[in-house]
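> From the sequence below, what's the structure:
(one chain, ligands or ions: 1)
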Amino acid sequence: MILKATAIAPSNIAFTKYWGFRDGKLYLPNNNTISMNLSACKTKTTVEFSPEFKEDFLKINGEFASEKETKRASAHLDHIRKLAGISLRAKVYSENSFPKGAGIASSASAHAALAVAGAKAAGLNLNERELSCLARLGSGSASRSVPDGFSEWVAADMHENSFAHSLAPPEHWKILDITAIVSEGEKKVGSVDGHRLAATSPLYSARLAHMKEHNDKVRKALLEKDFDLMGKIIEKDSLSLHAVMITSEPSIRYWNSASLKLMNAIESWRAQGIKAYHTFDAGPNPHIITLPEFREEILKRLKEIPEVKSIIVNEPCEGARLINEHLF
Ligand code: DP6
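Below you'll find the model as predicted:
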């Protein structure tokens, strides 16, 4: 048995979003989603199992993780232990390439890296599909951080059938995700609680009825490199997600005034010929999906907006990988 392994995994931005699950224990979603891996938002994780460890132990960026974070990692490790038929406790060290408090959710990259490193350390030899399912058990969106480039995560009733697969490699299309950080705080309502509330919105069933169409259009536009069609649906899907959030009971509002200001700005830039579309996950920071030729102009304009605290430029990149360089 190997016992110790390290993996690196990117975060991802959903072009069509996951919100609401059919099974909250296995994180089985209600609809397919399509995403792009983010080159500048990665997590590197080393997992070591040992009979000497009395309990699971987690450090993030050199500091002890909170009880909540440690519990979540432990629950994910339990799935790995069960698969491998072991009961050993683990030491987990994790480092993010993006600063903590950058307002970037790290759970997709964190749980994809934990799944890949943890499975190897536990002596399991899983293929990409199995690793994607395993990553999903830690955080739904982590399933999409396992394959390369652009991925589609399939909604299904059974654990083994709900995995993400690559639609295109990173070199297929060098589009950009420019993330404008307008708030560095933690989100008020965690995604897991948000997923549970989705069905309380009267708009949720209308959203689900559109998801197949959104996914079909985004997939086709991605494969045919039709940027305007893809951007239009990405923006529409994000707005529909936030309409559901705002109209759930209780209402969840992830946008702040800076988010609305940026949304308006991006739409007015578009009217001036800058191809850029916005999308928001469960937070206030806009991800601006654009083409490389508009990068400098967008960066210049973002720097003139006082609410923008920092900017992260991402390209599509490969998915989770084992590496030979341990963190301890
Ligand atoms: C709005 O349950 O994967 O980002 O709390 O990070 O584990 P974590 O989130 P998760 O939900 C993500 C929801 C979303 C949309 C998406 O990424 O598809």
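
> in stretch 44-62, what's buried?
By 16 or more other CB atoms under 10 Å, the buried positions in stretch 44-62 come out as Lys44, Thr45, Thr46, Val47, Glu48, Phe49, Asp56, Phe57, Leu58, Lys59, Ile60. All C-beta spots, glycine's among them, are computed from the backbone N, C-alpha and C.

> And whichever strand or helix holds the third one, what does it pack against?
Thr46 is part of strand 33-50, with elements assigned from DSSP states H and E. Counting contacts by 3 or more CB pairs under 8 Å, 6 or more residues apart in numbering; DSSP states H and E, the secondary-structure elements packed against strand 33-50 are strand 4-14, strand 89-96, helix 107-121, strand 150-153, helix 204-224, strand 310-314.

> do stretch 155-164 and the ligand meet?
No: counting by CB under 6 Å from any ligand atom, the ligand has no neighbours in stretch 155-164; the shortest distance is 10.7 Å.

> cool, and stretch 55-75?
No: judged by CB under 6 Å from any ligand atom, stretch 55-75 stays clear of the ligand, getting no closer than 8.7 Å.

> what's that stretch in contact with?
Leu77, Arg89, Ala90, Lys91, Val92, Tyr93, Ser94, Glu95, Asn96, Lys100, Leu114, Gly138 (CB atoms under 8 Å, 6 or more residues apart in numbering).

> Do you have the helices of the stretch 51-200 of the chain handy? List them.
67-84, 107-121, 128-136, 191-197 (DSSP state H, counting those that start in this stretch).

> show me the contacts for Tyr277.
Contacts of Tyr277 (CB under 8 Å, 6+ apart): Gly231, Lys232, Ile234, Glu235, Ile266, Arg270, Ile288, Ile289, Thr290.

> For the first one, identify the helix or strand it belongs to.
Gly231 is part of helix 227-246 when elements are defined by DSSP H and E.

> Tell me which residues are up against that helix.
Taking CB under 8 Å, 6+ apart as the rule, helix 227-246 contacts 15-17, 19-20, 175, 194, 198, 201, 203-204, 207, 210, 214, 217-218, 220-222, 251-255, 275-280, 282, 289, 291.

> what subset of those residues is also close to the ligand?
Applying CB under 6 Å from any ligand atom to the contacts of helix 227-246, those adjacent to the ligand are Lys17, Trp19, Ala282.

> hmm, which of the residues you listed are the buried ones?
When those are checked for burial by 16+ other CB under 10 Å, the buried set is Lys17, Trp19, Ala282.

> distance of the residue of the chain most remote from its centre from Ala73?
The centre of the chain is farthest from one residue, Glu52, which by CA atoms, centre = their mean lies 33.7 Å away. Going from Glu52 to Ala73 by CB to CB, to the nearest Å gives 19 Å.

> Figure out the length between the terminal residues of stretch 289-302.
Its first and final residues considered, stretch 289-302 spans 14 Å by CA to CA, to the nearest Å.

> May I see the buried residues of that stretch?
Buried residues in stretch 289-302, counting neighbours by 16+ other CB under 10 Å, are found at Ile289, Thr290, Leu291, Phe294, Ile298, Arg301, Leu302.

> Between these, which sits nearest the ligand?
Nearest to the ligand, judged by CB to the nearest ligand atom, of the buried residues of stretch 289-302 is Ile289 at 14.0 Å.

> Is any residue of stretch 115-134 near the ligand?
No: residues of stretch 115-134 are not located near the ligand by CB under 6 Å from any ligand atom, the shortest gap being 12.8 Å.

> Could you work out the end-to-end span of that stretch for me?
Stretch 115-134 stretches 6 Å from its first residue to its last (CA to CA).

> How far off centre is that stretch?
Distance, stretch centre to chain centre, for stretch 115-134: 18 Å (CA atoms, centre = their mean, to the nearest Å).

> I'd like the average pLDDT over it.
Averaging pLDDT along stretch 115-134 gives 98.

> What of stretch 276-283?
If you average the pLDDT over stretch 276-283, you get 96.

> same thing with stretch 61-81?
The model assigns stretch 61-81 a mean pLDDT of 96.

> tell me which residues of that stretch are tucked away?
Applying a neighbour-count criterion of 16+ other CB under 10 Å, one finds Ala65, Thr70, Arg72, Ala73, Ser74, His76, Leu77, His79, Ile80, Arg81 buried in stretch 61-81.
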